[in-house]
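Novice: need coordinates for the below:
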Amino acid sequence: MRALVLFAMLSAVQTAWAGVVDRIEVVVEDQLVMTSDLAVDSILQRLDDSPSPFWRDPPADPAKRLADAALMRHLASDLAIYQPSQAEVQRRLDALVLGQFENRRAWLQFVEQWGLDEASVRTLLKRRLLVERYLRRNLVVPPEDLELWWSAYERLMATERARARIRFVDAVAEP
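Specialist: Residues are numbered from 1 along each chain as shown. Purely as a prediction, here's the structure:
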């Protein structure tokens with residue numbers, strides 16, 4: 001039932017955005033955060049049962065959060081220690097599908113509604129897992145203590161943001 005309500009919400013959102021072209025929101029080093037990334041992330045936030053406060057209890061500004069995620073992916077780059085296995089990604093995908101959708105058909109309709117496929121969802125989940133691993137390794141505080149966790153997170157990211165090239169792109173007013 002929850003999946004049907006979300007599907008209805010998504011339909012309304014996508015209809016409202018029908019005339020909007022995707023645009024760059026943030027540039028982080030060599031990575032782009034697009035308007036569509038913000039939309040998909042807002043849905044994944046509700047559907048994906050992440051153990052990390054970064055995804056589970058995010059700060060108010062989604063563009064800043066996804067900019068931080070892009071920065072962490074950049075910092076982790078190809079370091080094996082941060083890379084989730086295919087089995088981990090599959091477990092996360094299975095948990096999402098089985099936990100949020102009545103059946104596989106409902107899942108496939110949802111994915112199609114967003115112009116995605118399972119491969120792109122796997123990529124999104126892999127990116128989320130990579131961020132979780134980066135934070136778990138670099139923050140030595142328990143995620144259960146949210147105040148302490150967010151404080152440590154902000155200290156870490158303030159240092160990393162100061163070293164990185166990050167540019168938030170201002171929206172251009174339409175004529």
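Novice: can you show me the strands along the protein?
Specialist: Secondary structure of the chain (DSSP state E): strands at 24-28, 31-34, 166-168.
Novice: the protein: helices as residue ranges?
Specialist: Using DSSP state H, the helices assigned to the chain run over residues 2-16, 35-47, 53-56, 62-76, 86-100, 104-113, 118-138, 146-163.
Novice: how about the contacts made by the spatially most central residue of the chain?
Specialist: Taking Cα atoms, centre = their mean, the centroid of the chain lies closest to Asp41, which sits 4.5 Å from it. For Asp41, the contacting residues are Pro62, Arg65, Leu66, by Cβ atoms under 8 Å, 6 or more residues apart in numbering. Heads up, the C-betas are built off the backbone N, CA and C, glycines and all.
Novice: so which of the residues you listed wins on neighbours?
Specialist: Across the contacts of Asp41, neighbour numbers were computed from other Cβ atoms under 10 Å; Leu66 holds the maximum, 22 neighbours.
Novice: what pLDDT does that one get?
Specialist: We have a pLDDT of 96 for Leu66.
Novice: before we move on, back to that, looking at the strands of the chain, which is closest to Pro58?
Specialist: Distance to Pro58, taken as Cβ to Cβ, is lowest for strand 31-34 among those, at 14.0 Å.
Novice: buried sites along the closest one?
Specialist: For strand 31-34, burial by neighbour count (16 or more other Cβ atoms under 10 Å) applies to Val33.
Novice: ok, stretch 108-118 next?
Specialist: Residues of stretch 108-118 classed as buried: Phe110, Val111, Trp114 (neighbour count, 16+ other Cβ under 10 Å).
Novice: the first one against Glu102, yeah?
Specialist: No - counting by Cβ atoms under 8 Å, Phe110 stays clear of Glu102, with 10.6 Å between them.
Novice: gap between the spatially closest residue to Val40 that is not a sequence neighbour and Asp37?
Specialist: Excluding its sequence neighbours, the residue lying closest to Val40 (Cβ to Cβ, 6 or more residues apart in numbering) is Trp114, at 6.3 Å. Look at Trp114 and Asp37: by Cβ to Cβ, to the nearest Å, they are 12 Å apart.
Novice: likewise for Thr159?
Specialist: As defined by Cβ to Cβ, Thr159 lies at a distance of 24 Å from Asp37.
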